[in-house]
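A.B. asks: build me a model:
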Amino acid sequence: DKERFAAVVTVAAHEGRRTADGTGMLEATTVSSAAWLAGAGLLTVTWPGQIDHTLRDDWLDQQTEAAWELADDLEGEVWSSLTLPVDGRPTPFHYRESEYGWVLAGTAGEVHVGAYGRGMSAYGLAFSR
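C.D. replies: Reported below is the predicted structural model:
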């Protein structure tokens, strides 16, 4: 149901490192990585139905770029704090709502957690490994 759902994404926490063959570098993963994945995930399932299909790709590109900019500034004023249990322990998350739904992101141990949803409250969520 596109009106009521929640989804979770996880990203292993890694420092920047060289590729196995030594020819390049892999970027570090951060809580911003999980926030961006969650934001992009929300966009893919909630794009406005009134947008013509020919404009959808342009809209999605624009909104995906905005999601990346927002995820890159988790301490910005558009994000608030939300504490949710992970394995029963209170864990801080960055949280924001928009007309499309909500997105949250935080770190639990060696994993960055992102989640997105619509039509239900994020305040009742709990996570376990």
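A.B. asks: rest of the way, CA atoms for contacts and neighbours
C.D. replies: Fine.
A.B. asks: output the below-cut-off pLDDT ranges for this structure.
C.D. replies: 1-2, 25-28 (pLDDT under 70).
A.B. asks: looking at it, which strand is longest?
C.D. replies: Longest strand of the chain, by residue count under DSSP state E: strand 89-98.
A.B. asks: ok, that one: who's next to it in the sheet?
C.D. replies: strand 80-86 (antiparallel), strand 101-108 (antiparallel) (DSSP bridges).
A.B. asks: so what strands line up beside the helix or strand that the last one is followed by?
C.D. replies: Translated: strand 101-108. Note on strand 101-108: by DSSP states H and E, the next helix or strand toward the C-terminus is strand 111-118. Strand 111-118 sits in its sheet next to strand 5-12 (antiparallel), strand 101-108 (antiparallel), going by DSSP bridges.
A.B. asks: what residues of the last one count as buried?
C.D. replies: Of the residues in strand 101-108, those with enough neighbours to count as buried (16 or more other C-alpha atoms under 10 Å) are 101-108.
A.B. asks: any idea how far that strand is from the chain center?
C.D. replies: Offset of strand 101-108 from its chain centre (C-alpha atoms, centre = their mean, to the nearest Å): 6 Å.
A.B. asks: with the first one instead?
C.D. replies: The gap between where strand 5-12 is centred and where its chain is centred comes out at 7 Å by C-alpha atoms, centre = their mean.
A.B. asks: which residue, other than its chain neighbours, is closest to residue 120?
C.D. replies: residue 4 (6.0 Å; C-alpha to C-alpha, 6 or more residues apart in numbering).
A.B. asks: so which of the strands paired with strand 111-118 is nearest residue 48?
C.D. replies: Closest to residue 48 of the strands paired with strand 111-118 is strand 101-108 (C-alpha to C-alpha; 12.1 Å).
A.B. asks: what sits up against the longest helix seen in the chain?
C.D. replies: Looking across the chain with DSSP state H, the single longest helix is helix 53-71. Defining contact as C-alpha atoms under 8 Å, 6 or more residues apart in numbering, one finds that helix 53-71 is touched by 32-33, 35-36, 39-40, 43-44, 47, 76, 78.
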